[in-house]
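Asker: got a predicted structure here, sequence first:
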Amino acid sequence: MIEDIKNVAVVLSDSDENSIVLGVRKFDKKHVPFRSRFGNNVSKVIYRYACGINVTDTQTGLRGFHYSQIPLMLSVEGERYEYETNMLISFKDHAFKIIEIPIQTIYEEGNKSSHFNPITDSIKIYRVVLKYSAASVLSLLIDYGMFVILVSWGISIIKATYIARACSSIANFLINRSVVFRNKGDIRFQFIKYILLAAASATVSGVVVNLLYSYVGIYPAACKIVVDTMLFFLNYYIQRTFVFTKEEE
């Protein structure tokens, strides 16, 4: 609406050039379609956890930015919802201050005119998490494949385990650095932090699984699945905020 655009313009004119203004909708109203309300709630959690972006309306199309920021906006990749997501990530990477102001929430005929594809557009929006998951699966396959090959060559199980884990860890580090988090900081410093995280994660996994088995009686294989799944998400957060932090670039 025109009034919403004016309000965004007024707030933008009173802010500095490191600020972005977002017009945010309220999704707690009764006329908001369930898929829109559910989708935004899920997106908020994923954006906050996966990208460190804390916004109320992740897919708002009403965004105000300064003239000096136009070159950055033109350099952002993607189209439609993917572009909006990448734009928010760019805001985070450049440490822009995000200012939110309320706007009218309008959905005509249950939002039938929306061009959002639940499958293809969700993949584009959440591709950071999906790439991290794919990298982890690939590393697991490398670890298992190397272990099987080494054991078949007559190498002891202990040695084969360490060699396979070293190879899969190096592969996972390089993929996460260049593809998932796209960070170009000091690779030596990053690798040291990554190894410390991997060692700490393995230690926590082993200790917790052993405690659950010893005192609760849960089968170790079942314990490991639960514990390692929790560590999977924790490791992602630590890698994003500590290992591959943008401040190093």
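Answerer: Done, it's in. Numbering: from 1, shown residues only.
Asker: following the lowest-mean-pLDDT helix or strand in the chain, which helix or strand comes up?
Answerer: Lowest on mean pLDDT, DSSP states H and E among the helices and strands of the chain sits helix 120-125, with a mean of 61. Next along the chain after helix 120-125, taking DSSP states H and E as the criterion, comes helix 127-152.
Asker: helices or strands next to the helix or strand just after that next one in the packing?
Answerer: Per DSSP H and E, the first helix or strand lying C-terminal to helix 127-152 is helix 157-175. Contact partners of helix 157-175 among helices and strands, from 3 or more CB pairs under 8 Å, 6 or more residues apart in numbering; DSSP states H and E: helix 127-152, helix 187-211. The C-beta positions use only the backbone N, C-alpha and C, and glycine is treated the same way.
Asker: okay if I get these as JSON lines plus distance to residue 162?
Answerer: Putting the helices and strands packed on helix 157-175 into JSON lines (distance: least, CB to CB, whole Å) gives the following:
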{"stretch": "helix 127-152", "distance to residue 162": "10"}
{"stretch": "helix 187-211", "distance to residue 162": "11"}
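Asker: give the helix, strand or coil label for residue 20.
Answerer: strand (DSSP: H, G, I helix; E, B strand; the rest coil).
Asker: what residues are up against it?
Answerer: By CB atoms under 8 Å, 6 or more residues apart in numbering, residue 20 lies in contact with 63-65, 69, 91, 96-99.
Asker: tell me what it is bridged to.
Answerer: Residue 20 forms beta bridges with residue 98, as assigned by DSSP bridges.
Asker: how near is it to residue 43?
Answerer: Separation of residue 20 from residue 43 (CB to CB, to the nearest Å) stands at 18 Å.
Asker: swap in residue 219?
Answerer: Separation of residue 219 from residue 43 (CB to CB) stands at 37 Å.
Asker: which one of the two has more residues nearby?
Answerer: residue 43 (20 against 10; other CB atoms under 10 Å).
Asker: quick check: phi and psi on that one?
Answerer: Phi and psi for residue 43, reported as degrees, to the nearest 10, are phi -60, psi -40.
Asker: show me what contacts the closest residue to it other than its chain neighbours?
Answerer: Leaving aside its sequence neighbours, residue 43 sits nearest to residue 58 (CB to CB, 6 or more residues apart in numbering; 4.1 Å). Counting by CB under 8 Å, 6+ apart, residue 58 touches 40, 43-44, 47, 84-85, 88.
Asker: kindly report the domain assignment for the chain.
Answerer: Domain assignment for the chain, taken from automatic domain parsing, gives 2-116, 127-248.
Asker: let me know the pLDDT of the residue in the chain sticking out farthest from the centre.
Answerer: No residue in the chain sits farther from the centre than residue 154, which is 40.9 Å out by CA atoms, centre = their mean. The score at residue 154 is 86. That number is its pLDDT.
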